[in-house]
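K.L.:
what's the 3D shape of this:
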Amino acid sequence: MKKVSECQNMDDIRLEIDTIDKELISLISKRAEYVNKAAEFKKSETDVKAPQRVAKMLSQRKIWAAEKNINPLFIEKLFSDMVSYFINKEMQEWKTK
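P.N.:
You can find the predicted model right below:
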């Protein structure tokens, strides 16, 4: 991977962005594996939704975003959307048990 300062043109930049996006997708896939495993331990709808855990997690992600000079509200929305997707998926699976 090139450093930002090493990019000489838009092709270099796009290649690096594509590489990062592929890594992000791989990490989200890995995260999903843990989410799926966690579902095995959940016994109720409240366990699946875990509103206190979600609130605490989103708060922490916003702090991490600020530390990296990324807009915390953007990160909150990104993670909120991702968590909502996984919660909805878990709820569908949990209700069919």
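
K.L.:
how does this protein divide into domains?
P.N.:
Following automatic domain parsing, one gets these domains for the chain: 1-41, 43-97.

K.L.:
ok, the nearest residue to N71 once chain neighbours are set aside - contacts?
P.N.:
Excluding the flanking residues, the one nearest N71 by C-beta to C-beta, 6 or more residues apart in numbering is A65, at 6.8 Å. Heads up, the C-betas are built off the backbone N, CA and C, glycines and all. Contact analysis of A65 by C-beta atoms under 8 Å, 6 or more residues apart in numbering lists 71-72, 74-76.

K.L.:
let's see 10 Å
P.N.:
For A65, the contacting residues are 71-76, 78-79, by C-beta atoms under 10 Å, 6 or more residues apart in numbering.

K.L.:
same thing with E45?
P.N.:
By C-beta under 10 Å, 6+ apart, E45 lies in contact with 90-91, 94-95.

K.L.:
just to revisit the earlier point, can you put the contacts of A65 in JSON lines and add secondary structure?
P.N.:
Formatted as JSON lines, those follow (DSSP: H, G, I helix; E, B strand; the rest coil):
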{"residue": "N71", "secondary structure": "coil"}
{"residue": "P72", "secondary structure": "helix"}
{"residue": "L73", "secondary structure": "helix"}
{"residue": "F74", "secondary structure": "helix"}
{"residue": "I75", "secondary structure": "helix"}
{"residue": "E76", "secondary structure": "helix"}
{"residue": "L78", "secondary structure": "helix"}
{"residue": "F79", "secondary structure": "helix"}
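
K.L.:
just the buried members of those residues?
P.N.:
Among the contacts of A65, those that count as buried by neighbour count (16 or more other C-beta atoms under 10 Å) are 72, 75, 79.

K.L.:
and which of these is nearest S29?
P.N.:
Distance ranking of these against S29, using C-beta to C-beta, places F79 first at 15.8 Å.

K.L.:
That closest one - nearest residue in space that isn't next to it in sequence?
P.N.:
Leaving aside its sequence neighbours, F79 sits nearest to R61 (C-beta to C-beta, 6+ apart; 4.9 Å).
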